[in-house]
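**Q** fold the following and give me the result.
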Amino acid sequence: MSHSLPTPDAEYPQATVGMGKGGAYEWFDPEAEIDEEAGQRLPHWRQPGCIYFVTFRTDDSIPADVLAQWQEERAAWMARHPEPHDAVTAREYHRQFTARTHRYLDAGHGSCPFRLPSARRIVVEILRKLDGAEDGYALDAFVVMPNHVHVLVAPQGSASLSEIGQVWKRVSAHRVNKLLGQRGTLWQHESWDHIVRSPEHLERYRRYIRDNPKWHQRRSG
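**A** Numbers count the residues shown, from 1 in each chain. Modelled structure (predicted):
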């Protein structure tokens, strides 16, 4: 399947877009068994062989009071729309919650350490580390933005998505903090992730990744 992305590792003034080796993916099957992994604030769905759209952000990118309000609104919405969701309900969820979060991140709140190309290169190197490994993952497309990262990734072998994300954040936090001469929490603990439902959805996520730096430039002024 072809990628609708620019040249790998294309750098914008404050972002880096790239592609991994990719792979053969399974698509979300609502009739098949779904594993639910508990998070601190969110449940996370899992199915073997699937590719996921993952977002993780810096700890200061969304103020605590704003996040608390959004979580309250989400909890009320989920009470009215219990899972599993059909395609129409899933689109409504992402319109109300996921899209709003991404718009806020693109506005460039917080310290935005990944405005620095040297900090972004650390993250890119870590993302590529286990791409194609037997117990690693198939890395598809990714973008490193000033205060968040979007990744399309499919765990391989015994690797779990949560373990992969924890390694990415732990190793990159250590190296980026050292680069910047700082200490403390770099990443927000929990990530957002969504199972990619079809080839068409995969292309949609790839386009989102490709265009994210342009939207950041518009929204951050």
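**Q** can you tell me the element the residue most central in space within the chain falls in?
**A** Within the chain, one residue has its C-alpha closest to the average C-alpha position: by CA atoms, centre = their mean, that is residue 55, at 1.8 Å. Assigned by DSSP states H and E, residue 55 belongs to strand 52-57.
**Q** repeat that for residue 184.
**A** Secondary-structure assignment from DSSP H and E places residue 184 in no helical or strand segment.
**Q** what of residue 85?
**A** Mapping residue 85 onto the secondary structure by DSSP H and E places it in no helix or strand at all.
**Q** can you count the residues close to it?
**A** The burial count assigned to residue 85 is 15, neighbours taken as other CB atoms under 10 Å. To be clear about C-beta, it is placed using only N, CA and C from the backbone, and glycine gets the same treatment.
**Q** give the contact list for it.
**A** The contact partners of residue 85, taken as CB atoms under 8 Å, 6 or more residues apart in numbering, are residue 93.
**Q** if I look at it, how far off is residue 76?
**A** For residue 85, the distance to residue 76 under the criterion CB to CB, to the nearest Å works out to 16 Å.
**Q** from what I can see residue 171 touches residue 126, true?
**A** Yes - Residue 171 sits in contact with residue 126 when judged by CB atoms under 8 Å, with a separation of 5.4 Å.
**Q** circling back to that earlier point, please tell me how far the nearest residue to the residue nearest to the centre of the chain once chain neighbours are set aside sits from residue 180.
**A** Leaving aside its sequence neighbours, residue 55 sits nearest to residue 192 (CB to CB, 6 or more residues apart in numbering; 4.4 Å). Distance, residue 192 to residue 180, by CB to CB: 25 Å.
**Q** which one's more surrounded, the two?
**A** Summary of the neighbour comparison: residue 192 and residue 180, criterion other CB under 10 Å, with residue 192 having more neighbours (21 against 14).
**Q** so the more buried one sits against residue 101, correct?
**A** Yes - using CB under 8 Å, residue 192 makes contact with residue 101 at a distance of 7.4 Å.
**Q** which residues do the two both contact?
**A** Counting by CB under 8 Å, 6+ apart, the shared contacts of residue 192 and residue 101 are residue 55.
**Q** who does the strand holding residue 55 pair up with?
**A** Strands adjacent to strand 52-57 in the sheet, as given by DSSP bridges, are strand 148-155 (antiparallel), strand 192-195 (antiparallel).
**Q** after it comes which helix or strand?
**A** Moving toward the C-terminus from strand 52-57, the first helix or strand encountered (DSSP H and E) is helix 64-80.
**Q** so what secondary structure elements neighbour that next one?
**A** helix 99-106 (3 or more CB pairs under 8 Å, 6 or more residues apart in numbering; DSSP states H and E).
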